[in-house]
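S.K.: sequence first, then the predicted structure:
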Amino acid sequence: MNRIPVVAVSIGMATGIYAISFGAIGVTAGLSILETMLLSLVMFSGASQFAFVGVIATGGMAAIPTAIASAWLLGIRNGFYALRMAPVLGMPGIAKLLSAQLTIDESTAVATAQSTPSGERRGFWWTGISVFIFWNLLTLAGALLGDQIGDPANFGLDSAAAAAFLGLVWPRLSNNLYRLIGLSAFIVAIATSAFVPAGIPVLLGAAVAALIQYWGKR
Amino acid sequence: MTLAVIAASIAVFSWKLMGYLIPDRYVSNPKFRQLADAITVGLLSALVGIQGFTTSSEFTVDSRLPALILAALLLYLRMPFIVVIASAAAFSALIRMFT
């Protein structure tokens, strides 16, 4: 990944495709266009946003505590990404707020695929800003179109999201330890998904990764 | 509802910010960096599993599997990211149309 801007913009466009479906699902779930936009602007974390509107769609106002808890739980991984990015970005004081907001799957994945600290910084900022712009513009488009869009699965958008995560982790699978970590986390997440609340399987994948890294390096 | 949206957004943001507020001497440690790197790989791989093979927490195999195989092939051939994503979506939509 040498041409960071090209990668960043194409990732922005790809995530924008499912921002359209997020916008549509948001208003269909009963949120206003403003509330749907607030989620994309302030929450800015795809999995948490989809979880929030998904719970509201099925449970309405009574489900608000569950919706907040689900979104929060799904956001934990951004904390791990932030730990990874903090020493690389070295943001002073209040500027930490800016880097924190852009700390998501995509920006971290592109950053960590680079081989130098300056490359990591460029990867992070280019991808974070690109995704933020596309994500919000296309959330608005989706919210305006509303339920005229229909089931996102009909357009293969669920496959697009899965392929996007595969594309993000792909450059990292260059050594056997990371291949083992990737495969194990993948299997553990699927295997546990039926038994634990949404959001937890991904964290169990992270836990397995940490354990393998710990033992693999001894 | 607007308040709930704002509360949830701040709750999610708090994780992101927390990572940046931990003192530098802990997060700059090379061992810690390696661990954070491995966790990133684990999180993204787990997300491929959840997004590709579950529906409402149920294990599911559907047109997302061939779409992911196509995506893996295109990634192996070093195709651009947007081509990979668009092809996976189109392939999956095509399969659903005919099944």
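M.R.: Cool, the structure landed.
S.K.: quick check: most distant residue from the centroid of chain B.
M.R.: In chain B, the greatest distance from the average C-alpha position (Cα atoms, centre = their mean) is reached by B:Arg25, at 29.2 Å.
S.K.: and the closest residue in space to A:Met43 that isn't next to it in sequence, how many neighbours?
M.R.: For A:Met43, ignoring the flanking residues on the chain, the nearest one in space by Cβ to Cβ, 6 or more residues apart in numbering or on different chains is B:Ser9 at 3.9 Å. Backbone N, C-alpha and C define where each C-beta goes, glycine included. Neighbourhood size, B:Ser9 [other Cβ atoms under 10 Å in any protein chain shown]: 24.
S.K.: next one: B:Gly19
M.R.: Neighbours of B:Gly19 (other Cβ under 10 Å): 22.
S.K.: what pLDDT does it get?
M.R.: Predicted confidence (pLDDT) for B:Gly19: 91.
S.K.: near chain B at all, stretch A:99-113?
M.R.: Yes - Stretch A:99-113 is in contact with chain B by Cβ under 8 Å from any Cβ of the partner chain, via A:Ser99, A:Ala100, A:Gln101, A:Thr103, A:Asp105, A:Thr108, A:Ala109, A:Thr112.
S.K.: any figure for the gap between the residue farthest from the centre of chain B and chain A?
M.R.: Applying Cβ to the nearest Cβ, to the nearest Å, the value for B:Arg25 to chain A is 10 Å.
S.K.: for that residue, helix, strand, or coil?
M.R.: B:Arg25 carries the three-state label helix when classified by DSSP: H, G, I helix; E, B strand; the rest coil.
S.K.: cool, the one 10 residues further on as well?
M.R.: In three-state terms, and counting by three-state DSSP, B:Leu35 is helix.
S.K.: do the one 10 residues further on as well
M.R.: Going by three-state DSSP, the secondary structure assigned to B:Ser45 is helix.
S.K.: give the contact list for the spatially closest residue to it that is not a sequence neighbour.
M.R.: Using Cβ to Cβ, 6+ apart and skipping the chain neighbours, the partner closest in space to B:Ser45 is A:Gly182 (3.9 Å). A:Gly182 makes contacts with A:Val169, A:Arg172, A:Leu173, B:Val41, B:Gly42, B:Leu44, B:Ser45, as judged by Cβ atoms under 8 Å, 6 or more residues apart in numbering or on different chains.
S.K.: where's A:Gly182, which helix or strand?
M.R.: Assigned by DSSP states H and E, A:Gly182 belongs to helix A:176-192.
S.K.: so the next helix or strand after that helix, near chain B or not?
M.R.: Sequence-wise, the next helix or strand downstream of helix A:176-192 (DSSP H and E) is helix A:200-216. Yes - using Cβ under 8 Å from any Cβ, helix A:200-216 comes into contact with chain B via A:Pro201, A:Val202, A:Leu204, A:Gly205, A:Ala206, A:Ala207, A:Val208, A:Ala209, A:Ala210, A:Ile212, A:Gln213, A:Tyr214.
S.K.: which parts of helix A:200-216 are buried?
M.R.: For helix A:200-216, the neighbour count (16 or more other Cβ atoms under 10 Å in any protein chain shown) marks A:Ile200, A:Pro201, A:Val202, A:Leu203, A:Leu204, A:Gly205, A:Ala206, A:Val208, A:Ala209, A:Ala210, A:Ile212, A:Gln213 as buried.
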